[in-house]
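Colleague: Got a predicted structure here, sequence first:
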Amino acid sequence: MRMILVLLCVLELPCDSQAQANQSSWALLGRLQAGQNIQVVDTTSKRHSGTFTSVSDTAISFRAIAGEQSIQKQDVHSVRLMKNTHRLRKTLIVAGVGAGVGAGIGAATHKSCSPGAFCLDFGGRGLPAAIGAVIGGLGGAAVGALLPSHSTIYSVSSH
């Protein structure tokens with residue numbers, strides 16, 4: 001159980017470090033390139049999605065389904081870059097790590113029968129290892145599916 005908690009903490013580190021990056025500077029939006037898919041969340045929590053066209057000191061512009069849109073800087077709460085980050089691949093990798101950790105924990109916690117005592121030991125170490133692998137794999141898949149797939153470029157601090 002302790003190993004699973006340690007694994008979850010280690011997997012959470014990239015998310016924590018990304019969340020703590022300085023994202024309150026409007027100038028960071030200058031790194032975006034025309035044609036990149038973005039999502040702008042305004043101060044009323046409405047989400048606007050489209051392809052980035054330009055940014056100025058006062059507004060961000062993008063092309064949505066309804067046409068060209070522009071949102072003023074004071075009305076923007078956050079801007080996310082909507083990129084394809086291979087969510088399935090990430091989920092499978094974390095599920096594999098979870099299965100390996102679960103199998104190791106299952107095999108390590110197996111107690112064999114003592115000599116001379118009546119005991120039914122079905123599967124030896126293999127059965128607890130397999131059960132641990134299944135549980136760890138499912139847990140890893142759940143964690144992998146929850147990893148963020150979009151990076152926040154700009155966010156107004158709530159302080």
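Modeller: In hand now; what should we look at?
Colleague: make it CA atoms for all contacts and neighbour counts henceforth
Modeller: OK.
Colleague: and Asp42, bridged to which residues?
Modeller: Per DSSP bridges, the residues bridged to Asp42 are Val76.
Colleague: for it, what are its contacts?
Modeller: The contact partners of Asp42, by Cα atoms under 8 Å, 6 or more residues apart in numbering, come to 48, 75-78.
Colleague: So which of these wins on neighbours?
Modeller: Neighbour counts for those, by other Cα atoms under 10 Å, peak at Ser78, which reaches 22 neighbours.
Colleague: which SS state does the residue of the chain positioned farthest from its centre fall under?
Modeller: Using Cα atoms, centre = their mean, the residue of the chain lying farthest from its centre is Gly116. It sits 51.3 Å away. Following DSSP: H, G, I helix; E, B strand; the rest coil, the label given to Gly116 is coil.
Colleague: and what of the one 3 residues further on?
Modeller: Look at Cys119: counting by three-state DSSP, its state is coil.
Colleague: isn't it right up against Lys111?
Modeller: No: with contact defined as Cα atoms under 8 Å, Cys119 does not count as touching Lys111 (11.1 Å).
Colleague: Contacts only, for Ala130.
Modeller: Residues in contact with Ala130 (Cα under 8 Å, 6+ apart) are 103, 106.
Colleague: actually Val134, not the one I typed
Modeller: So Val134 contacts 99, 102-103 (Cα under 8 Å, 6+ apart).
Colleague: who wins for neighbours among those?
Modeller: Scoring the contacts of Val134 on neighbours with other Cα under 10 Å, the highest-scoring entry is Gly102 at 28 neighbours.
Colleague: doesn't Leu138 make contact with that one?
Modeller: No: between Gly102 and Leu138 there is no contact under Cα under 8 Å: 9.8 Å.
Colleague: So which helix or strand of the chain has the lowest pLDDT on average?
Modeller: Least confident helix or strand of the chain, by mean pLDDT, DSSP states H and E, is helix 2-19 with a mean of 52.
Colleague: Whatever helix or strand Gly140 lives in - what's its average pLDDT?
Modeller: Gly140 is part of helix 126-146, with elements assigned from DSSP states H and E. The average pLDDT for helix 126-146 rounds to 83.
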